[in-house]
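Engineer: sequence first, then the predicted structure:
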Amino acid sequence: MTDLFDHLVLGFTVVLSFQNLLLCLVGCLVGTLIGVLPGIGPLATIAILMPMTYNSEPIGALIMLAGIYYGSQYGGSTTAILVNMPGESSSVVTALDGHAMARQGKAGKALGIAAIGSFIAGTFATLVIAALAIPLSKLALSFTAGNYFALMVLGLTLAIVVAGGSVLKAFCMLIVGVIMALVGANPVTGEPRLTFGSQILYDGFDVAIVAMGLFGIAEILRNLEAPEGRPFVSDAVGGLLPDRKDMRESAGAITRGSLLGSIIGIIPGNGATLSSFVSYALEKWVARRPQEFGRGAIQGVAGPESANNAAAQTTFIPLLTLGLPSTATMALVGGAMTLHGVIPGPRVIDQHPDLFWGMVTSMWIGNLMLVIINLPLIGIWVKFLKVPYRHLFPMIVLVCCVGIYSVNSQPFDVLQIALFGVIGYVLHKLRFEPAPLLLGLVLGGMLEDSLHRGLILSHGDIWTFVSAPLTLILLTAAAVVLGSALSPSIARRRQLLQEED
Amino acid sequence: MTSEPMDLRSRHTVPCYARIQVIGGAVVVFIAALVWYGAISLNLGTVADFGAGAMPKALAILLFFGGGAVLVQGLVQRPEEAERAEFSPAPVAILVIAIALFGLFIRGGDFTLLSTPQLGLGVVGPLTVFIAGCATPERRVKELLPMSFGLTAAVLLVFCDLLQVTIPIFPGFAQDAIFSSLGVDGAIRALYLAYGGIAAALYVAFFGLRDDRRD
């Protein structure tokens, strides 16, 4: 227990420098700024803004990145409440009661309780991360290559099951992603693989570029198609601070949401979305007047918002302790860490304790900043929501181009984001969810490597490889998850859940 | 761009080749074939020590069956369930041109098919914004012109002056002359001040001074 506090103190000494606080603040601000834009979720926001972090020190960059992540999450909720256009799936349920509250002139209260709930949940989740990080990374260090392989298979299976749309199509996208990870120089021999003789492919695919194209540019192309039916944004936000009655009503919801979110977030898959749905269902179930849900019940905002924020934070756990990103967003964060020379995984805590604990505490600081800066700035976000899309998207295009060019100074990178933008658009049109592709791209190399090492260790005996107890359990779990997702009754329920997307 | 409701649309039967599932499945099968073709020369190795070709080939087979299943789903689905794949090529093409222009001319270089001169952010920035802005059917040239200069000025200020990002700003042929007369920082500041001024002037010229400005 004292260890825990020592670590947190170490983290705070890192974060509480002027420069890092400033980076955290800037991250939260620009994250919210882009996240507020309807139709742009955290994934696209991070993809667009990631190059901005490349100029600072690793610690500062990661703190800023974490700030962008929370900012974009919070921005998505703001949009969901104010205009009923959830920027991402995790705030879909927030829109139900949040927007209903906004229509009653209580938008301020909804935003206030979302911020307060998120902050409380974030505080709790930070403690969960701090408490679990060391035991989990110790455990991870004892994993064999086979265990790792099985763990990745389970994670990827969960990821395709919770991805939107057909499981089969998500599976195809995942495989394409893994194949893309293999393109380029063979890590062992250096011989070119699947490059078709091209020098550009020899360097492999860059996660940042692929993500910016598939999510940033493709998002714009999708939005350009929809006629600009921008819903009315009310000016009357109302009082911001929830009163005592509101707090009493939502206290239970926030507590349950924090617990639920923290747990679900650790499980691979889209924790933030899943936990917000589960929390909403739970609140409706325990509520004394369930008929109020959908008509502006404050618990319907407080619960899911706390849950998705807690989950958004504990999704860092698999990445930071096992080195396995469980969502596409985390894959991107992992990519950014690697770019700064920090390989996510069990060794981060030992090798870069300042960085690790700095990042964990910055999560808490970031949440605090969001409460402090966002409540007064809501007026600005409301104004920003009124800027027509035709003014916004050229700006996003220019920022993407400048951003991605500034990373490597390679003109070809810019051409690639255009290409992946088109690919992302076509995938969307053909109802392929691109998120598993990104996960596959990030994990593909590790997947091959751990399979290879595992098979060497078992002398090529597949049975020895598979029958290690933990490997067997994880692979069985993966098979069960996949099997149940393909079973008709659950498939139907998945569809119901996603129809609201 | 058709926005008819789903039930209305699905009443028309969709021919096989236009179905989402069919096209999607076919594309995936094609990718699988391409990967297999690329992996032919790679060696498989043994189970105990598999070679560079093992994963690509195994994955190509998996992908082939995955894509094949999507394709078959599309072929056998009832006509009223099938959905037509619809694309709107115009905005896509315009946006691609805008981004490609940025990529091709920002620093210039040899792109095997063509080699390009460096034009720098000062020239490419406004062009990218202007062309990208044309991708929406709601484009308004009078708004786009001041926006092109204003946004470029903002990007120059934030990225080049404040964040010190290295990116070519002036055309290659004029760069040295400009830097030697104004200094690097001076030249950047002069440029964004000038562009900001142009944006403001254009805005006033087109819209007058009446309502609130937003830039």
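Structural biologist: All right, it came through fine. Quick caveat: nothing in here was measured; it's all calculated off a predicted structure.
Engineer: for the record, mean pLDDT for the strand or helix carrying A:R248?
Structural biologist: Assigned by DSSP states H and E, A:R248 belongs to helix A:244-266. What helix A:244-266 shows for mean pLDDT is 86.
Engineer: ranges for the helices of the stretch 251-400 of chain A?
Structural biologist: Counting by DSSP state H, counting those that start in this stretch, the stretch 251-400 of chain A has helices at residues A:271-286, A:299-314, A:316-317, A:328-339, A:348-351, A:353-386, A:389-408.
Engineer: between the second one and helix A:353-386, how big is the angle?
Structural biologist: To tie it back to what came earlier, the one meant is helix A:299-314. 140 degrees (axes from the mean of the first three to the mean of the last three Cα atoms, to 10 degrees).
Engineer: now for helix A:299-314, which elements pack on it?
Structural biologist: helix A:58-83, helix A:92-103, helix A:107-141, helix A:244-266, helix A:271-286 (3 or more Cβ pairs under 8 Å, 6 or more residues apart in numbering or on different chains; DSSP states H and E). Using the backbone N, CA and C atoms, a C-beta is placed for each residue, glycine as well.
Engineer: so the longest one versus helix A:58-83, what angle?
Structural biologist: Relative orientation of helix A:107-141 with respect to helix A:58-83: 140 degrees, computed using the same axes, to 10 degrees.
Engineer: contacts only, for the residue in chain A that chain B sits nearest to.
Structural biologist: Closest contact between chain A and chain B, by Cβ to the nearest Cβ, is at A:G460 (2.7 Å). By Cβ atoms under 8 Å, 6 or more residues apart in numbering or on different chains, the residues touching A:G460 are B:46-49.
Engineer: change it to 7 Å
Structural biologist: A:G460 makes contacts with B:46-48, as judged by Cβ atoms under 7 Å, 6 or more residues apart in numbering or on different chains.
Engineer: what do you get for A:L385?
Structural biologist: A:L385 makes contact with A:36, A:79, A:82-83, A:233, according to Cβ under 7 Å, 6+ apart.
Engineer: likewise for A:G444?
Structural biologist: Residues near A:G444 by Cβ under 7 Å, 6+ apart: A:177-178, A:180-182.
Engineer: A:M359 too?
Structural biologist: Applying Cβ under 7 Å, 6+ apart to A:M359 gives the contacts A:62-63, A:66.
Engineer: if we use 10 Å, what do you get?
Structural biologist: For A:M359, the contacting residues are A:11, A:14-15, A:58-59, A:62-63, A:65-66, A:129, A:316, A:320, A:333, A:337, A:342, A:348, A:352, by Cβ atoms under 10 Å, 6 or more residues apart in numbering or on different chains.
Engineer: ok, A:L139 next?
Structural biologist: Taking Cβ under 10 Å, 6+ apart as the definition, contacts of A:L139 comprise A:132, A:147, A:321-322, A:346.
Engineer: out of the helices of the stretch 251-400 of chain A, which one sits most buried?
Structural biologist: With neighbours defined as mean count of other Cβ atoms under 10 Å in any protein chain shown, those peak in mean count at helix A:299-314, which reaches a mean of 34.
Engineer: from memory B:T13 sits against B:E83, does it?
Structural biologist: No. Judged on Cβ atoms under 10 Å, B:T13 makes no contact with B:E83 at a distance of 11.5 Å.
Engineer: for residue 189, what are phi and psi?
Structural biologist: Going with chain A. Phi and psi for A:T189, reported as degrees, to the nearest 10, are phi -100, psi -20.
Engineer: please go with chain B instead
Structural biologist: phi -60, psi -40.
Engineer: what is the burial count for it?
Structural biologist: When counting by other Cβ atoms under 10 Å in any protein chain shown, one arrives at 16 neighbours for B:R189.
Engineer: residues touching it, list them.
Structural biologist: B:156-157, B:160-161, B:182-183.
Engineer: can you check B:G24 too?
Structural biologist: A:166, A:169, A:172, A:426-427, A:429-432, B:67, B:70-71, B:73-74, B:85.
Engineer: which SSE is immediately downstream of the helix or strand encompassing it?
Structural biologist: Taking DSSP H and E as the criterion, B:G24 maps to helix B:20-39. Following helix B:20-39 in sequence order, the next helix or strand is strand B:45-46 (DSSP H and E).
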